[in-house]
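Trainee: Quick one: sequence and predicted model below, then my questions.
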Amino acid sequence: MRKQFIDNLRWMDVFLLIPYHAAQAFNTWGELNYICFTPNKIISSFIVFLSPFFMPLLFLLAGMSSRYALAKRTYGQYIFERIKRLLIPLVFGAVCFCPVLAYFGDKNNYGYSGGFFEHYGVFFTKWTDLTGFDGGFNVGQFWFLLYLFIISLLFIGIIAITNRVIKRQGRMENIPFGVICLMVIPLPFLYDLLSIGGKSFAEYIYIFLIGFYVLSHDKVIVKIEKYRYISLTVGLVAAITNVYMFIWSGSDLGILNVIAKAFAEWFMILALIGIGKNKLDFRNRITTYMSQRSFPFFSIHFIWIILFQYWFSGIGVNNIVLVFIVPIVCAYLATLVLAEICLRIPILCFLMGAKNTRGRG
């Protein structure tokens with residue numbers, strides 16, 4: 001039976017990408033962006049609050065979904081499905097959408113004065129840190145697809161071997177909730193391990209595998225649902241503490257900040273899984289509509305944020321409403337309209353990893 005709360009959590013998380021990415025233009029820690037405005041602590045606090053669990057949740061949901069997928073697919077079919085849903089949208093996005101991001105990064109950060117199409121020559125020949133903030137080649141938000149694709153390929157063999165062992169043991173579904181809570185312990189040691197641009201392969205591999213081996217069991221989900229508000233309390237306290245330490249304390253609190261981040265990540269994930277199972281395990285026309293649009297939404301949203309922030313900055317560069325709130329609203333509208341169009345064009349559906357909705361009511 002399909003777990004509807006997984007689909008609902010996924011599209012809700014994806015739809016938060018617009019305010020999350022829009023807020024990055026105001027960060028207070030000096031990180032470059034495709035477009036930058038005056039640093040703002042309140043807006044930066046929004047990023048820091050979400051960042052510990054925002055993307056890890058998607059990796060955990062992917063791990064859970066992989067177990068359900070492998071229950072009805074061969075390993076070869078699973079890999080083929082990963083190619084369609086991850087690799088093809090990754091290549092398409094890197095070629096079609098990321099050059100737009102790189103152009104604005106070069107223009108706003110390094111004063112590039114050439115034309116947009118002329119900049120394609122820069123994009124495909126300049127290889128630096130892969131962020132694109134300097135106009136070079138990048139994968140933008142598609143880093144998520146890249147990481148998830150590599151993780152899927154690397155561990156399909158391990159999954160094939162260890163899955164048999166764990167099945168014979170038959171004990172994973174009986175793991176106590178206290179032990180699940182202790183899975184937070186490795187996280188602080190993983191953040192800098194195999195990290196590229198602040199995104200740790202080790203962290204996301206760990207989260208993916210926990211989703212696959214532990215949180216995909218119904219009995220485990222029931223336990224997480226039972227203690228959801230305890231997890232939420234711990235997660236919120238840790239997330240708020242993390243924000244205070246990183247943004248407002250004025251001090252480098254080092255390992256304490258890292259520990260707060262780890263607790264925020266793990267316990268907010270547990271809380272969202274538990275609340276999702278309790279409140280979001282259903283399907284209706286609205287959830288189906290939103291879920292169908294999550295793939296094109298993911299691919300399209302970022303360029304609209306940058307475009308609208310760039311356009312409105314010409315009117316009032318220091319006006320928070322014009323360069324933060326209005327671009328968010330406009331980006332949602334433009335992204336949803338374009339996603340609606342894309343879903344009715346079979347080739348674009350294929351290239352974005354979505355299912356064609358042409359002819360559906």
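Mentor: Alright, I've got the coordinates. Numbering: from 1, shown residues only.
Trainee: Centre-most residue in this protein?
Mentor: Taking Cα atoms, centre = their mean, the centroid of the chain lies closest to M55, which sits 3.6 Å from it.
Trainee: what helix or strand is that residue on?
Mentor: If you go by DSSP states H and E, M55 is part of helix 54-70.
Trainee: wait, the residue nearest to the centre of the chain sits on L145?
Mentor: No: counting by Cβ atoms under 8 Å, M55 sits too far from L145 to count as a contact (11.8 Å). Backbone N, C-alpha and C define where each C-beta goes, glycine included.
Trainee: Can you name the residues that contact F308?
Mentor: V326, P327, C330, A331, A334 (Cβ atoms under 8 Å, 6 or more residues apart in numbering).
Trainee: Looking at those, which are in helices?
Mentor: Mapping the contacts of F308 onto helices (DSSP state H) picks out V326, P327, C330, A331, A334.
Trainee: who wins for neighbours among these?
Mentor: For the ones in helices among the contacts of F308, neighbours were counted using other Cβ atoms under 10 Å, and P327 has the most, 27 neighbours in all.
Trainee: how about that residue, what does it touch?
Mentor: The neighbours of P327, taking Cβ under 8 Å, 6+ apart as the test, are A22, I305, F308, Q309, F312.
Trainee: my read: S152 touches E81, true?
Mentor: No: assessed by Cβ under 8 Å, S152 is found out of contact with E81, at 9.4 Å.
Trainee: Mind listing the shared neighbours of these two?
Mentor: Shared contacts of S152 and E81, defined by Cβ under 8 Å, 6+ apart, are absent.
Trainee: what about the two, which has more around it?
Mentor: Neighbour count, other Cβ under 10 Å: between S152 and E81, S152 has more, with 22 against 15.
Trainee: Surely the more buried one forms part of a helix?
Mentor: Yes: assessed by DSSP: H, G, I helix; E, B strand; the rest coil, S152 belongs to a helix.
Trainee: mind checking how far N8 is from A264?
Mentor: Separation of N8 from A264 (Cβ to Cβ, to the nearest Å): 22 Å.
Trainee: got the buried residues for the helix holding M55?
Mentor: Of all the residues in helix 54-70, those buried under the rule 16 or more other Cβ atoms under 10 Å are 54-67, 70.
Trainee: Enumerate every residue touching M55.
Mentor: F144, K199, Y204.
Trainee: can you do 10 Å?
Mentor: D13, L17, Y20, Q141, W143, F144, Y147, K199, E203, Y204, I207, E265 (Cβ atoms under 10 Å, 6 or more residues apart in numbering).
Trainee: distance of it from H21?
Mentor: Distance from M55 to H21, by Cβ to Cβ: 12 Å.
Trainee: what sits in contact with each of the two?
Mentor: Q141.
Trainee: Give the rounded mean pLDDT of stretch 51-58.
Mentor: Here stretch 51-58 scores 97 as its mean pLDDT.
Trainee: Please state the offset of it from the chain centre?
Mentor: Its chain's average C-alpha position is 6 Å from that of stretch 51-58, according to Cα atoms, centre = their mean, to the nearest Å.
Trainee: about what we covered before: okay, the contacts of F308 in JSON lines with distance to V258 and pLDDT next?
Mentor: Converted to JSON lines, the contacts of F308 look like this (distance: Cβ to Cβ, whole Å; pLDDT from 0 to 100):
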{"residue": "V326", "distance to V258": "36", "pLDDT": "95"}
{"residue": "P327", "distance to V258": "32", "pLDDT": "96"}
{"residue": "C330", "distance to V258": "37", "pLDDT": "97"}
{"residue": "A331", "distance to V258": "32", "pLDDT": "97"}
{"residue": "A334", "distance to V258": "38", "pLDDT": "97"}
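Trainee: which one of those residues is nearest R293?
Mentor: If you rank the contacts of F308 by distance to R293 using Cβ to Cβ, A334 comes first, at 13.1 Å.
Trainee: ok, the closest one - contacts?
Mentor: By Cβ under 10 Å, 6+ apart, the contact list for A334 reads I300, H301, I303, W304, I305, L307, F308, P327.
Trainee: Just the pLDDT at the third one, thanks.
Mentor: Meaning I303. Taking I303 on its own, its pLDDT is 96.
Trainee: Look up the closest residue to C349, ignoring the ones flanking it.
Mentor: Excluding the flanking residues, the one nearest C349 by Cβ to Cβ, 6 or more residues apart in numbering is N356, at 4.4 Å.
Trainee: can I assume that neighbour sits in a strand?
Mentor: No: using three-state DSSP, the secondary structure at N356 is coil, not a strand.
Trainee: Any idea how many residues pack against it?
Mentor: N356: 16 surrounding residues under other Cβ under 10 Å.
Trainee: Would you mind telling me which of N8 and A264 has more residues around it?
Mentor: Set side by side, N8 and A264 show more neighbours around A264, with 27 against 20, by other Cβ under 10 Å.
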